[in-house]
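In: A predicted structure for the sequence below; I have some questions about it.
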Amino acid sequence: MRETVDTLAGLVAAGGVAVLSGAGLSTESGIPDYRGPSGLARRHTPMTYQTFTGDPAARRRYWARSHVGWRGIAQAVPNDGHRAVARLQAAGLVDGIVTQNVDGLHTAAGSRDVVELHGRLAQVVCLGCGHRSAREQVQQRLRQANPGFAVVAGTVHPDGDVDLDDGQVVGFRTVDCGRCGTGMLKPDVVFFGERVPVDRVARCFAMVDRARALLVLGSSLTVLSGRRFVVRAARQGIPVVIVNQGPTRGDGYATLRVDAPLGMLLPAVADRVGAAAPVAG
């Protein structure tokens, strides 16, 4: 462990680091990942954009499951790994952060200008008029529309929902946009089958292109959405360091591969390079 900390600290201390984080960084905040050690088998396949927009019954199931699961996401707090990344950024060693997570925990930990590749669950968008609103406002409207809906939450998945039986969602009522009155509401996150906004992807590529090194934290890199940045860095001769518990689909591009808990390793690296906590405000 000490040798690993020394190696990573030496790389980070030179600065110019871009961070790409995945679900594995948030497991110590109580949010299980998709495919790593804390990943759990799902009884339902993830919702696709096409199914969400085209099937009212599927959309009702999604909102019922997400309505129950949201509290687990809203109550999650940053862990030592998130805080260590914020410390490294405040020290001027991390120049940019791209996260595949939708939990907002990087920002809550004090990191700035985080590119949330797949959006954030704390915001809801109207697919009709484009108006965005806070998730808590929509949660309140859903509670008012479903006064008798009371389900004990199971394990919350990384995308903020829980598994519910069909019988538990019968009669659940969704709500439309509070601004235009008719528009379909969707969490402001990228669903499977939906494209990440082009300008957002361009920002991420630009961040990688400027980096001296790319540090991947807690991602299996199974989905091309995140893996493409690793491929880009490797092709340009930018060192890629992957820290993840378990193998990843990017291991072949890595200059260094570390299998270790992020909540232990990252604070030790931040301590080694003398990175203090960011100043609030």
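Out: Received, thanks.

In: shaky segments in the stretch 1-150 of the chain?
Out: Counting by pLDDT under 70, the low-confidence segments of the stretch 1-150 of the chain come to 34-44.

In: try it again with 50
Out: Within the stretch 1-150 of the chain, the stretches with pLDDT under 50 are 38-43.

In: Okay, domains of this structure per the record?
Out: Under the assignment automatic domain parsing, the domains of the chain span 1-31+78-118+195-281, 40-75+120-189.

In: Centre of the chain to the first one, how far?
Out: Offset of domain 1-31+78-118+195-281 from its chain centre (Cα atoms, centre = their mean, to the nearest Å): 12 Å.

In: Does the spatially most central residue of the chain lie in a helix or a strand, and which?
Out: For the chain, the residue sitting closest to the mean C-alpha position, by Cα atoms, centre = their mean, is Asn101 at 0.4 Å. Asn101 belongs to no helix or strand when assigned by DSSP states H and E.

In: For Gly181, grab the count of nearby residues.
Out: 10 (other Cβ atoms under 10 Å). Yep, even glycine has a C-beta here, placed from its N, CA and C like the rest.

In: before we move on, the earlier item: touching, the residue nearest to the centre of the chain and Gly22? I think so.
Out: Yes: judged on Cβ atoms under 8 Å, Asn101 makes contact with Gly22 at a distance of 6.8 Å.

In: where along this structure do the helices fall?
Out: For the chain, applying DSSP state H gives helices covering 2-13, 49-54, 56-74, 80-90, 105-108, 135-145, 166-169, 198-210, 224-235, 262-272.

In: which of those is buried the deepest?
Out: helix 80-90 (a mean of 25; mean count of other Cβ atoms under 10 Å).

In: Which secondary structure elements does it sit against?
Out: strand 17-21, strand 94-99, helix 105-108, helix 262-272 (3 or more Cβ pairs under 8 Å, 6 or more residues apart in numbering; DSSP states H and E).

In: Make JSON lines from those and add distance to Arg143 to it.
Out: JSON lines is the format used below for those (distance: least, Cβ to Cβ, whole Å):
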{"stretch": "strand 17-21", "distance to Arg143": "32"}
{"stretch": "strand 94-99", "distance to Arg143": "29"}
{"stretch": "helix 105-108", "distance to Arg143": "24"}
{"stretch": "helix 262-272", "distance to Arg143": "34"}
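
In: Leu11 versus Arg249, what's the distance?
Out: Between Arg249 and Leu11 the computed distance is 22 Å (Cβ to Cβ, to the nearest Å).

In: no wait, Met47
Out: From Met47 over to Leu11 (counting by Cβ to Cβ), the distance is 38 Å.

In: Could you do Met184 as well?
Out: For Met184, the distance to Leu11 (Cβ to Cβ) stands at 46 Å.

In: How about Phe52?
Out: From Phe52 over to Leu11 (counting by Cβ to Cβ), the distance is 41 Å.

In: Kindly report the same for Val216.
Out: Val216 is 13 Å from Leu11, where distance means Cβ to Cβ.

In: shared neighbours, these two?
Out: Val241 (Cβ atoms under 8 Å, 6 or more residues apart in numbering).

In: Report the contact partners of Val216.
Out: With Cβ under 8 Å, 6+ apart, Val216 has these contacts: 19-22, 230, 240-244, 248, 250, 254.

In: ok, and the most crowded of those residues?
Out: Leu20 (30 neighbours).

In: pretty sure that residue contacts Leu214?
Out: Yes: with contact defined as Cβ under 8 Å, Leu20 reaches Leu214; the gap is 6.4 Å.

In: Kindly state the pLDDT recorded for Asp161?
Out: Asp161 is assigned 77 on the pLDDT scale.

In: Go through the helices and strands packed on helix 80-90 and name the closest to Arg200.
Out: strand 94-99 (9.3 Å; Cβ to Cβ).

In: what's that closest one in contact with?
Out: Here strand 94-99 has contacts from 12, 15-22, 25, 85, 88-89, 106, 111, 113-117, 204, 207, 210-211, 215, 226, 229, using Cβ under 8 Å, 6+ apart.

In: what lines up beside it in the sheet?
Out: strand 17-21 (parallel), strand 115-116 (parallel) (DSSP bridges).

In: which one of the ones you listed lies closest to Ala64?
Out: strand 115-116 (24.9 Å).

In: follow-up on the earlier one: for the strands paired with strand 94-99, give me TSV that also has distance to Val138.
Out: What follows is those, written out as TSV (distance: least, Cβ to Cβ, whole Å):
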stretch	distance to Val138
strand 17-21	26
strand 115-116	18
